[in-house]
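> Here is my input; please provide its structure:
(one chain, ligands or ions: 1)
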Amino acid sequence: MVTTVSHPLVQHKLSLMRDVRTGVKEFRELAGEVSLLLAYEAMRDLELAPERLSTPIEEGEFPMLSGKKLALVAILRAGLIMTDAIVSLVPAAKVGHIGLYRDPESLLPVAYYNKLPADIAERRVFLTDPMLATGGSASAAITRLKEAGAQSIKLMTILSAPEGIALIERDHPDVEIVTAAVDPQLNDHGYIVPGLGDAGDRIYGTK
Ligand code: URA
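Have a look, this model is predicted:
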C-alpha cells in the first residue's frame, strides 16, 4: 500500500527540493521539514490511551501515546536526514542504522553496517530513505529488519518511482510506503525522473 502525502506544504517544499538552484543548507532544511510532515501522516495510527492528569483547572482523562514503542531506522546515508528530523517529534524512539552497498558482480545489495535496537521486535519501525528508486536497498533493508524480528514496518520516502514501489509491494506486501510523490520513471542510471538528483549528494554537498 502506498500513501502519497499530497498536502500543499509538502508539495511546495518538495518542488523547492527539486529545484537545481536550491543549495545544501536549504535542501537539508526542506528535507527535514518534509520528513516531519510525512511522519505526521505515517504516525496517524499510533495508539492512544486515556491517562489521568490534572490541568491547572481540573483533573481529567486525556489521550497519551500507548501501545508499541517506536524505532526509526535510517538507510545510510541519506536516510539520516529524515531520522534526525523525526526524532524531534518522537524523542523516546530508538534509532537504528542500516548501510548497504551494491555488489559489483551480483548487483545485489550487501549490508556493510547493521545496528538495530535489540528490542526491535517489540517496536513499530519507521524505515527512512528519501529516494525509493529501484527499491533494491529498501527491500534488502526490510528483509534485515524482519530477520531481526521486526513485525510492524512502514517505509518513509520523500520521492518514489513506480519500479521501487512495485518491488516493495512484491517482496514485502505487508509494508506500507509513505511518500511525498511518485514520479513517472527511472532513467538508465537509476535516477528518478524528473526527481531531485542524488539526495545524498544534495544533503551533504558531495559530488
Ligand atoms: N537515489 C538518489 O539519490 N536519487 C535518485 O534519483 C535515485 C536514487
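> drop to CA atoms for contacts and neighbour counts, all remaining ones
Fine.
> Tell me who's in contact with S15.
For S15, no residue counts as a contact, taking Cα atoms under 8 Å, 6 or more residues apart in numbering as the criterion.
> Give me the distance between it and the ligand.
Summarising the geometry, the distance separating S15 from the ligand, computed by Cα to the nearest ligand atom, to the nearest Å, is 14 Å.
> ditto for D183
Distance from D183 to the ligand, by Cα to the nearest ligand atom: 10 Å.
> and if you look at A42?
As judged by Cα to the nearest ligand atom, A42 and the ligand stand 21 Å apart.
> how about the nearest residue to that residue, chain neighbours excluded?
If the residues on either side of it in the chain are set aside, A42 comes closest to V178, at 6.3 Å by Cα to Cα, 6 or more residues apart in numbering.
> what comes up buried for the helix or strand harbouring that neighbour?
Using DSSP states H and E, the secondary-structure element containing V178 is strand 176-182. Taking 16 or more other Cα atoms under 10 Å as the neighbour-count basis, strand 176-182 is seen to contain the buried residues E176, I177, V178, T179, A180, A181, V182.
> Helices of the chain, residue ranges please.
Read by DSSP state H, the chain holds these helices, from start to end of the chain: 8-18, 24-42, 79-86, 136-147, 162-171, 199-204.
> if we look at the shortest one, which residues are touching it?
Here helix 199-204 makes contact (Cα under 8 Å, 6+ apart) with G23, V24, K25, F27, R28, R77, A78, I81, P130, M131, T206, K207.
> From those residues, pick out the ones that also neighbour the ligand.
Taking Cα under 6 Å from any ligand atom as the test, the ligand is in contact with M131 out of the contacts of helix 199-204.
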